[in-house]
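Participant: Dropping a prediction and its sequence here:
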Amino acid sequence: MTLNMGARPIPADDGSWTDEEQRALAKIQFYQKADTGYSIQQATRPQTVGYGLADSPSGQAAWIIEKFWAWADCDGHPENVLTRDEMLDNVMLYWVTNSAASSARIYWESFGNRGQRPVVTVPSGFTVYPEEIVPPVRKWCEPGFSNIVYWAEQSKGGHFAAFEQPELFVEDIRAFRRVVV
């Protein structure tokens, strides 16, 4: 398994944070202050937003394209990394399958259980994309992933790394595979 999202912060023993941790903490603070509305809505009332999105193709497009604007490494314009056709194709996957509500349920199901998460023991890999919502910090990932065998950092990419930077993403998947096979 390879991931580009991280884990919860671990308080520094001596109260100091590394530069990497400080950057991640700044992104967490921004996310919590200005970017969690969608998450709270989906975690608490996924059907409500799902029905609204299923009823409005323009609402579905706005919902998804706003996420590309906010979370892609695009300098404020999604068309810097994705074509209009690519974005429309992505929106259409939700629209024609009527899956807005079911796709929101992962938040309902994930955030409802705030208990102790099991430790992932399978070989795991992480890639840090600089514009990920909260880039992974290895020190924070290690308690939850006991077998990290691959760690890489890319110079570009955001939350939708596989969509934004498919060549880099594939390189990382192949590099991870070479380590585990």
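Facilitator: Ah, there it is.
Participant: which residues touch residue 132?
Facilitator: Under the criterion of CB atoms under 8 Å, 6 or more residues apart in numbering, the contact list for residue 132 reads 4, 5, 6, 27, 71, 157, 158, 159, 161. Yep, even glycine has a C-beta here, placed from its N, CA and C like the rest.
Participant: which residues make contact with stretch 139-146 from outside it?
Facilitator: Outside stretch 139-146, the residues that touch it by CB under 8 Å, 6+ apart are 6-10, 18, 21, 24, 117, 119-121, 124, 126, 148.
Participant: again with stretch 35-54
Facilitator: Stretch 35-54 is contacted from outside by 59-60, 63, 67, 70, 94, 98, 100-108, 110-112, 133, using CB under 8 Å, 6+ apart.
Participant: Need the buried ones from those residues selected in PyMOL.
Facilitator: Typed into PyMOL, the line below selects the buried ones among those, using 16 or more other CB atoms under 10 Å:
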select buried, resi 60+63+67+70+94+100+101+103+104+107+133
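Participant: which stretches of the chain have low pLDDT?
Facilitator: The model of the chain has pLDDT under 70 over residues 1-2, 112-115.
Participant: No further questions, thank you.
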